[in-house]
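*Asks:* Everything below, folded, please.
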Amino acid sequence: MEAIVVYITVSNEEEAAKIARTIVEERLAGCVNIVKGIRSIYSWEGRIEDDAEVLIIAKTQRHLFGLLKERINDLHSYDVPEIIAMAIAEGSENYLNWLKGVTR
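*Replies:* So this is what the prediction gives:
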């Protein structure tokens, strides 16, 4: 199993909780952390934006990324949501085994 961490930014904590609960219930992620109080500065439609956002950190398996991305796009309020994945190079064997067991 190849495990990944997926970063997703959303507009508020309510949206974060809705997405997090859905992807865990559907076994697209084993665990999701919600990090409040991030500040994002980015370029959007020719302007520099400076917004408060909430970060979702989802742990899952690489082969689920396509399904996870589709589901997040269905649930997300942004036109272009940030959905980026990074490989987990090393991890606790017990945790990674648990992750494999609770995801599809």
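*Asks:* isn't Leu67 right next to Leu28, touching?
*Replies:* Yes - proximity of Leu67 to Leu28 meets the contact threshold set by Cβ atoms under 8 Å, at 5.9 Å. Any C-beta I mention is one placed from the backbone N, CA and C, and that applies to glycine too.
*Asks:* shared neighbours, these two?
*Replies:* Overlap of the contact sets of Leu67 and Leu28 (by Cβ atoms under 8 Å, 6 or more residues apart in numbering) consists of Arg104.
*Asks:* Among those two, which residue is more densely surrounded?
*Replies:* Neighbours around Leu67 and Leu28, counted as other Cβ atoms under 10 Å, are more numerous at Leu28. The numbers are 23 against 15.
*Asks:* how close does the nearest residue to that one once chain neighbours are set aside get to Ala87?
*Replies:* Leaving aside its chain neighbours, Leu28 sits nearest to Leu68 (4.5 Å; criterion: Cβ to Cβ, 6 or more residues apart in numbering). The span separating Leu68 from Ala87 equals 15 Å under the rule Cβ to Cβ, to the nearest Å.
*Asks:* Looking at these two, which one has more neighbours?
*Replies:* Under the neighbour definition other Cβ under 10 Å, Leu68 and Ala87 were set side by side, and Leu68 has more, 23 against 9.
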